[in-house]
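Student: Build the 3D model from these lines:
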Amino acid sequence: RLNEQVKRNPERFPEDFLFLLTAEEKAQVVANCDHPQRLKFPHALPNAFTEHGAIMAASVLNMPRAVEMNVFVMRTFVRLRQMLASNTELARKLAA
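Tutor: Residues are numbered from 1 along each chain as shown. Predicted structure coming up:
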């Protein structure tokens, strides 16, 4: 459903909101994910979302689970920003 929404709503996903993984990146994701079955075999490379893209992706689906994940994503990014603001050394390393 998410890929369908990305295709139907290209104005919500400009090029700086998502990008295609390379074959090598896809292999790393498959190797490190607990549930990679759907990702393992398709020939098409999957999309990856930037921070802005993840927030937009969380908002385009309107199913109960998607709404729950939208709340989770919002809280996670806010918490991450708070952590970075309170830890200048970590922020400096991530910016490098």
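
Student: Tell me which stretches of this structure form strands.
Tutor: 18-20, 47-49 (DSSP state E).

Student: strand partners of the last one, parallel vs antiparallel please.
Tutor: What that stands for is strand 47-49. strand 18-20 (antiparallel) (DSSP bridges).

Student: The strand it pairs with: which residues count as buried?
Tutor: L18 (16 or more other C-beta atoms under 10 Å). Heads up, the C-betas are built off the backbone N, CA and C, glycines and all.

Student: longest helix in the protein, by residue count?
Tutor: When the chain is parsed with DSSP state H, its longest helix is helix 64-86.

Student: Please compute how far it lies from its chain's middle.
Tutor: The chain centroid and the centroid of helix 64-86 are separated by 12 Å under C-alpha atoms, centre = their mean, to the nearest Å.

Student: That helix - what's its average pLDDT?
Tutor: Mean pLDDT, helix 64-86: 85.

Student: low pLDDT regions in this protein?
Tutor: 35-42 (pLDDT under 70).

Student: Recalculate using a threshold of 90.
Tutor: 1-5, 9, 23, 25-47, 51-52, 54-74, 76-96 (pLDDT under 90).

Student: Pull out the buried positions in the longest helix of the chain.
Tutor: Neighbour count says helix 64-86 has A66, N70, V73 buried, by 16+ other C-beta under 10 Å.

Student: How about the contacts made by the first one?
Tutor: With contacts defined as C-beta atoms under 8 Å, 6 or more residues apart in numbering, A66 is in contact with A58.

Student: now the strands of the chain in a markdown table, with distance to M56?
Tutor: Converted to a markdown table, these look like this (distance: least, C-beta to C-beta, whole Å):
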| stretch | distance to M56 |
| --- | --- |
| strand 18-20 | 9 |
| strand 47-49 | 8 |
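
Student: who wins for proximity to L2 among these?
Tutor: strand 47-49 (8.3 Å; C-beta to C-beta).

Student: Q28 and E4, how far apart?
Tutor: Counting by C-beta to C-beta, to the nearest Å, the separation of Q28 from E4 is 25 Å.
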